[in-house]
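In: everything below, folded, please.
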Amino acid sequence: MVKSQNVEAPGPGAQVELLFLHMIPTRDGTRLAANVFLPRERSGDVPAIIEFTPYSRDTGSPEGVKFGAEGFAFVSVDCRGRGDSEGVFLGHGPEEADDGYDLVEWVAAQPWCNGDVALFGGSYTGQNQWTTAAAHPPHLRTIIPAVASMGGLAPGAGGVPIDHQFNWGMLTAGKTLSSRLVAEAPLHIARLAEAFETHESFRSLNARLGGPWGLPDEMNTTPQHAPWRPEWGPAQDGLPGIDVPVLEITGPYDIAERGAIEHHRRYCRARPADQRPHHHLILGPWEHGAAFEGRPQAGDLQFGTAANVDMMQLTIDWYRWVMDGGDKPAFLTDPVHYYVTRAEEWRTAASLEAATAGTVPWYLVGHDAHHSAVHPGWLRPDPVDSPSFRFVCDPDERTTMLLEQQPNPSGQSHNPLMELPPNYHDLGAHLWGVDPTSGAFVASIDGFGAVYTSARLSEPLELAGEPQLDAWVVLDQPDADLCALLYELRVDGSRVLLSPAVQRLRHRDPSKGIQLMVPGEPTLVQFRNFHWFARRLAAGSRLQLAVRHTGSLRMDRNHHTGRPDGFETPDDVRIATVDVLHSGEHRSVLHLPLAAAADG
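Out: Numbers count the residues shown, from 1 in each chain. Model (predicted):
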């Protein structure tokens, strides 16, 4: 019998053995459901990798096949209360530290494991790696928290409740993954538009839709600000004891970047650098769903070939170095690696702060004429006394909410976890770094924001770090929601989002709790939650800053009364007048982070 010459070699799945639906006991008797992928040709016990997820253990199957074919065991686990696991899912709850500890130790004791266990995953499963590591399971050898969210800080920021609570709540409600329901964007936009028209708060909308879907009600009504919710992250007193190698992955187009960087900074504060010899942070130009792909694209913004890093192979090489005697990935020469867009090159630094050489002030300058996106003020490197700019925050202002009901043919995000809906304009997502080439939320400003544009740059300007905006404002109401959008305005008129920030003014200083604005009193509002970014701005480009009312379907509206979040009614609606000051001791200024010089 003659063999066919067209038979292809078996794929990596043929090299893997599956143990389906294992029930893993935890300390309180709750059992967690897992699929276990093992190398078929193993000669003995092997290192193991765990991901425990609320998004169905089945979503880990491609990684299970990949890691199994590379000689590792991979254990994909449904979080407590999700999928086939027992118990109640509470989302970022403190019980995840115990579950993570118990999973690591159970896996380490299995006959197919050599006692070396690592964690894997991104977003939610990036955060629960930190939570588990802070519990110090003895057999944990390394973690790779990618695009790690932090409850209340990313997604979301600035104390403004966002529609993410509905979509994520529906996605993870009950036992199954409702990805197709969440992908029905027109359904959800119509629901949010109805709530907008009737002045319904997200709190009451949540209840009317049948929420909180098994989650604690406080998760859907508490202002989204992480410093107020420390229990949603790893135990702070456990961070100093994390003594395993750590590889973090995030970047400026990751919707969870604020959270990922906060995790990084908390760990760095808790454990000195000389006690973290194998701690690395990679900041790449990738979207939230592409962290392990190294896909060199964010929306319609394309990057150079240097950005196309095989992050999954780097992950495998890292695990092999830590647990299997391999070489450390050659890419990881310094503690921090970051990609400078438009320069299209990787740079390194001894710390995240060392990537920034210093800051340079750009002053906000007004004029006497009508101001808008078409007739902006200026950003100038020297202080100039000038008239203030006035705009209004009107809860009934419809420009943005109508724009958000229009399909957006560009800027589609990438997420392998679920089928994505047709893209719509979305200010809330833009404030996370999504759709970075959109100028819609600046071009539409007329009366509900202030825009400032610099002169053309005479030479390239390299920036790396987080901008800061010190805005002196006067309100005639106790509260308002403002966002700041910083762009490169290119010679051809197109924009590239550099960094966004957002702030509910009552939450402007989390360390001091709620601080209502005093009507008529000049108040310094410090925007300190801009995204970290690194970019070379071209000669001939301009800087452009917009400070504006939010007015978004995707963000809970502020009626400006100062009443508790979620308890304002249609009868409470007030228009807030905002004056941005530009003179004397009340001069508003944007601080830009200068990039450290490139080596060589």
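In: can we go C-alpha only for contacts and neighbour counts from here?
Out: Noted.
In: pLDDT score assigned to Lys396?
Out: Check again: residue 396 is Asp, not Lys. Per-residue pLDDT puts Asp396 at 93.
In: so which bits of the host helix or strand of Leu543 are buried?
Out: According to DSSP states H and E, Leu543 maps onto strand 542-549. Residues of strand 542-549 classed as buried: Arg542, Leu543, Gln544, Leu545, Ala546, Val547, Arg548, His549 (neighbour count, 16 or more other C-alpha atoms under 10 Å).
In: will you turn these into TSV that also has pLDDT and distance to Tyr339?
Out: Output for these, formatted as TSV (pLDDT from 0 to 100; distance: C-alpha to C-alpha, whole Å):
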residue	pLDDT	distance to Tyr339
Arg542	98	21
Leu543	98	20
Gln544	98	22
Leu545	98	23
Ala546	98	25
Val547	98	27
Arg548	98	29
His549	97	32
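In: now Leu103: how far from Phe20?
Out: 16 Å (C-alpha to C-alpha, to the nearest Å).
In: of those two, who's got more company?
Out: Using other C-alpha atoms under 10 Å as the criterion, Leu103 and Phe20 rank with Leu103 on top: 23 against 11.
In: look up phi and psi at that one.
Out: Dihedral pair for Leu103: phi -60, psi -50, per degrees, to the nearest 10.
In: all helices for the stretch 51-200 of the chain, in order.
Out: 61-69, 95-108, 124-133, 164-171, 179-182, 185-197 (DSSP state H, counting those that start in this stretch).
In: what packs against the shortest one?
Out: Meaning helix 179-182. helix 164-171 (3 or more C-alpha pairs under 8 Å, 6 or more residues apart in numbering; DSSP states H and E).
In: export the helix it packs on as PDB, just CAs?
Out: Output of helix 164-171 as PDB, limited to C-alpha atoms (Å, rounded to 0.1, in the frame of the first residue of the first chain):
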ATOM      1  CA  HIS A 164     -18.800  48.600  31.800                       C
ATOM      2  CA  GLN A 165     -20.600  47.500  35.000                       C
ATOM      3  CA  PHE A 166     -23.600  46.400  32.900                       C
ATOM      4  CA  ASN A 167     -21.800  44.600  30.100                       C
ATOM      5  CA  TRP A 168     -19.300  42.900  32.400                       C
ATOM      6  CA  GLY A 169     -22.100  42.000  34.800                       C
ATOM      7  CA  MET A 170     -24.200  40.400  32.100                       C
ATOM      8  CA  LEU A 171     -21.100  38.700  30.600                       C
END
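In: now it: how far from the chain's centre is it?
Out: Helix 164-171 has its C-alpha centroid displaced from the chain centroid by 15 Å (C-alpha atoms, centre = their mean, to the nearest Å).
In: list the buried residues for it?
Out: His164, Gln165, Phe166, Asn167, Gly169, Met170, Leu171.
In: among these, find the lowest-pLDDT one for me.
Out: Among these, pLDDT bottoms out at Gln165, giving 72.
In: ok, that residue to Leu205 distance?
Out: Going from Gln165 to Leu205 by C-alpha to C-alpha gives 11 Å.
In: got it, and Ala343?
Out: Ala343 is 46 Å from Leu205, by C-alpha to C-alpha.
In: and if you look at Asp98?
Out: 33 Å.
In: dump the residue contacts of the most centrally placed residue in the chain.
Out: Centroid-nearest residue in the chain, with C-alpha atoms, centre = their mean: Ala256, separated by 1.0 Å. Going by C-alpha atoms under 8 Å, 6 or more residues apart in numbering, Ala256 touches Ser123, Val147, Ala148, Ser149, Met150, Ala154, Pro155, Thr250, His288, Trp432.
In: can you pull the domain assignment for the chain?
Out: 12-120, 164-222, 229-351, 356-595 (automatic domain parsing).
In: can you pull the contacts of Thr356?
Out: Leu463, Ala464, Gly465, Pro593, Leu594, Ala595, Ala596.
In: ok, so of the residues you listed, who is nearest Tyr363?
Out: Pro593 (14.3 Å; C-alpha to C-alpha).
In: is that closest one in a helix, a strand, or coil?
Out: Following DSSP: H, G, I helix; E, B strand; the rest coil, we place Pro593 in the strand state.
In: please name the nearest non-neighbouring residue to it.
Out: By the measure of C-alpha to C-alpha, 6 or more residues apart in numbering, the closest residue to Pro593 outside its immediate chain neighbours is Thr359, 4.5 Å from it.
In: and for Ile162?
Out: Met555 (4.4 Å).
In: do Val525 as well
Out: Ala471 (5.2 Å).
In: surely the one you found is in a helix?
Out: No. Counting by three-state DSSP, Ala471 is not found in a helix; it is strand.
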